[in-house]
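K.L.:
The following block contains a protein sequence and its predicted model.
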Amino acid sequence: MIVAEHFIESARQHGFELYTGVPCSYLKPFINTVIDSSQLRYIGAANEGDAVAVAVGAELGGVRSVVMFQNSGLGNAVSPLTSLTHIFKIPLLLIVTLRGEPGGPADEPQHELMGAITTELLELMGISWEFFPQSADEIELVLSRALGHMEQENRPYALVMRKGSVAKSDLQAQPDIHAIVSHANPVATEPEAQRGDMLRAVQAATTDDDVLVATTGYTGRELYATGDHLNQFYMVGSMGCAVSVGLGLAVARPERRIVVLDGDGAALMRLGALATVGYEKPGNLVHVLLDNGLHESTGGQATVSRSIDFGGLAAACGYTRIERVSQPAELAAILERPATELTFVHAPILAGVPELPRPSITPAAVAARLRAHLLPDGRETIGH
């Protein structure tokens, strides 16, 4: 058994300063110690896949990150672990608890199957792993192996935590409860422009100092076709994770404005991410939802967006400024103002897409050049 602070301090010495995840009783000492630290940042995610995406954004911004969750939630993280970290070659440190370990302590029945297959699932996803250290003298060796793999392979590395690995630690800090204050524009809008018109307006109203994160599907492809730039990140797979990546970037690089170009289908897949973003309230994040009511890149099947007040939903989640636009010029006007508060922009758009090339640049190259663009002088870290 180790003391959580010993592992966390050793990890901090290696640059791990952001932790994100979903609680598990095995992880309670870890999460409590991180929350109480003045040198670290903890972001509680709505689900495990969102946590992976937040950590990806932070890593792209130069901050090494740890993702922590129960093995029963590993399934929620499969999509970003296979189509985001793997494809873009993003190294993260994973701490996955081993509830329901075969031959281990008695546990609840829902953990039985996942306990038996946790390590096999990691291996199927191509994620190297070892057991979490059981003694203080193992910590540095384990971290060295993890970092060596991460730096050589640019892939996640998992530490599988058995019960009783970490001594208890009570939380000292009180929860930070935010009041919901929004400046909502309740006027409904009808679509008048197409996606490409909105994307051209975004590019015209932003600079190289901004970062554009485009959701998977036609949004990323059309942004690339409109004009490929070093500050643009095109998601592939990982549907619904764009705003979580944007959150990680916003926290890691507070001096940059992060503009997330989301879609209605993607946002609906991971609505819980809006609650996490609204709680964290990064003032440098602008979340633009391009809503055509369709899963257009997969054949035009309808989403349920027409029955949802996305602006009201964002306001309820804690976004502080809500805007609704129907014209590219209106979107440009919002983006031409400095970012001072967390903003959600609902932009209904017309269906339709031109013939689009697929990006010739690989996802790994997109990630590498964005890192170089953001961190020309090397990796930086954040405080609490």
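P.N.:
Received the coordinates, thanks.

K.L.:
mind listing what's buried in stretch 82-97?
P.N.:
82-88, 90-97 (16 or more other Cβ atoms under 10 Å). Just so you know, the C-beta spots here come from the backbone N, C-alpha and C atoms, and that holds for glycine as well.

K.L.:
Over to stretch 229-239?
P.N.:
Of the residues in stretch 229-239, those buried by neighbour count under the rule 16+ other Cβ under 10 Å are Asn231, Gln232, Phe233, Tyr234, Met235, Val236, Gly237, Ser238, Met239.

K.L.:
can you list contacts of that stretch?
P.N.:
Under the criterion Cβ atoms under 8 Å, 6 or more residues apart in numbering, residues 49, 53, 60, 79-80, 82-84, 87, 203, 208-217, 220-221, 223-224, 241-242, 245, 265-266, 269-270, 359, 363, 366-367, 369-370, 372-373 lie in contact with stretch 229-239.

K.L.:
Produce a ChimeraX select command limited to the buried residues of the residues you listed.
P.N.:
This is the ChimeraX syntax for the buried subset of those, where burial follows 16+ other Cβ under 10 Å:
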select :49,53,60,79,80,82,83,84,87,203,210,211,212,213,214,215,216,217,220,221,223,224,241,242,245,265,266,269,270,359,363,366,367,369,370,373
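
K.L.:
Of the contacts of stretch 229-239, which belong to strands?
P.N.:
The members of those that map onto strands under DSSP state E are Val211, Leu212, Val213, Ala214.

K.L.:
As a check, name the ranges of all helices in the stretch 1-150 of the chain.
P.N.:
With DSSP state H, counting those that start in this stretch as the criterion, the stretch 1-150 of the chain has helices at 4-13, 28-36, 48-60, 78-80, 86-88, 112-124, 136-153.

K.L.:
and Ser135, what does it touch?
P.N.:
When contacts are counted by Cβ under 8 Å, 6+ apart, Ser135 is found next to Met1, Ile2.

K.L.:
same deal with the one 3 residues further on?
P.N.:
Shown here is Glu138, whose contacts under the criterion Cβ under 8 Å, 6+ apart are Ile2.

K.L.:
Turn the buried residues of stretch 229-239 into TSV, including distance to Gln70.
P.N.:
Shown next, in TSV, are the buried residues of stretch 229-239 (distance: Cβ to Cβ, whole Å):
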residue	distance to Gln70
Asn231	36
Gln232	35
Phe233	29
Tyr234	31
Met235	26
Val236	27
Gly237	23
Ser238	21
Met239	23
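
K.L.:
Would you reformat these as JSON lines and include distance to Pro102, pLDDT and secondary structure?
P.N.:
Formatted as JSON lines, the buried residues of stretch 229-239 follow (distance: Cβ to Cβ, whole Å; pLDDT from 0 to 100; DSSP: H, G, I helix; E, B strand; the rest coil):
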{"residue": "Asn231", "distance to Pro102": "48", "pLDDT": "98", "secondary structure": "coil"}
{"residue": "Gln232", "distance to Pro102": "46", "pLDDT": "98", "secondary structure": "strand"}
{"residue": "Phe233", "distance to Pro102": "41", "pLDDT": "97", "secondary structure": "strand"}
{"residue": "Tyr234", "distance to Pro102": "42", "pLDDT": "96", "secondary structure": "strand"}
{"residue": "Met235", "distance to Pro102": "37", "pLDDT": "93", "secondary structure": "coil"}
{"residue": "Val236", "distance to Pro102": "36", "pLDDT": "89", "secondary structure": "coil"}
{"residue": "Gly237", "distance to Pro102": "32", "pLDDT": "83", "secondary structure": "coil"}
{"residue": "Ser238", "distance to Pro102": "31", "pLDDT": "88", "secondary structure": "coil"}
{"residue": "Met239", "distance to Pro102": "33", "pLDDT": "89", "secondary structure": "coil"}
